[in-house]
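Participant: below: sequence and its predicted model.
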Amino acid sequence: MDRLGAMETFARVAELGSFNRAASQQGTTPQAVSKAIRQLEKELGLRLFHRSTRRSTLTDEGKAFLACGRGWNRSGRPGATPAN
């Protein structure tokens with residue numbers, strides 16, 4: 001998955017609080033979502049989520065990353081966020 005796709009997946013997991021629900025909405029597997037998030041975390045050198053078997057919640061770094069990403073469109077320019 002490309003970086004933009006991983007960032008969209010990150011935002012979806014943050015919104016839904018679940019890797020499984022994000023995968024379902026994106027038409028992919030929970031394993032693919034988990035892999036995308038792990039790769040993004042590795043690239044950033046940050047842990048974005050606290051993971052449990054029932055829920056995924058944002059770390060402080062994850063909250064900051066999500067806030068930075070809001071308001072940017074797919075072209076990488078300031079503007080409206082992409083529609084779900």
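Facilitator: Arrived safely. None of these values were measured; they are calculated from a predicted model.

Participant: report pLDDT for the residue nearest the centre of the chain.
Facilitator: Geometric centre of the chain, nearest residue: F10, 0.2 Å, by Cα atoms, centre = their mean. For F10, the pLDDT comes out at 96.

Participant: E41 now?
Facilitator: For E41, pLDDT reads 96.

Participant: what do you get for R70?
Facilitator: The model's pLDDT for R70 equals 72.

Participant: returning to what we had before: didn't the residue nearest to the centre of the chain look like it was pressed against L66?
Facilitator: Yes: at 7.4 Å, F10 counts as touching L66 under the criterion of Cβ atoms under 8 Å. Where you see a C-beta, it was placed from the backbone N, CA and C, and this is true even at glycine.

Participant: enumerate every residue touching L46.
Facilitator: Residues near L46 by Cβ atoms under 8 Å, 6 or more residues apart in numbering: 59, 61-62, 65.

Participant: ramachandran angles for it?
Facilitator: phi -130, psi 150 (degrees, to the nearest 10).

Participant: from S24, how far out is it?
Facilitator: Applying Cβ to Cβ, to the nearest Å, the value for L46 to S24 is 26 Å.

Participant: over to G69?
Facilitator: Distance, G69 to S24, using Cβ to Cβ: 22 Å.

Participant: the helix or strand where E8 lies - contacts with which helices or strands?
Facilitator: Assigned by DSSP states H and E, E8 falls within helix 3-16. When contacts are defined as 3 or more Cβ pairs under 8 Å, 6 or more residues apart in numbering; DSSP states H and E, helix 3-16 packs onto helix 19-26, helix 30-44, helix 60-69.

Participant: who are the contact partners of the spatially closest residue to T9 that is not a sequence neighbour?
Facilitator: The spatially closest residue to T9, leaving aside those adjacent along the chain, is A36, at 4.7 Å (Cβ to Cβ, 6 or more residues apart in numbering). By Cβ under 8 Å, 6+ apart, A36 lies in contact with 1, 5-6, 9-10.
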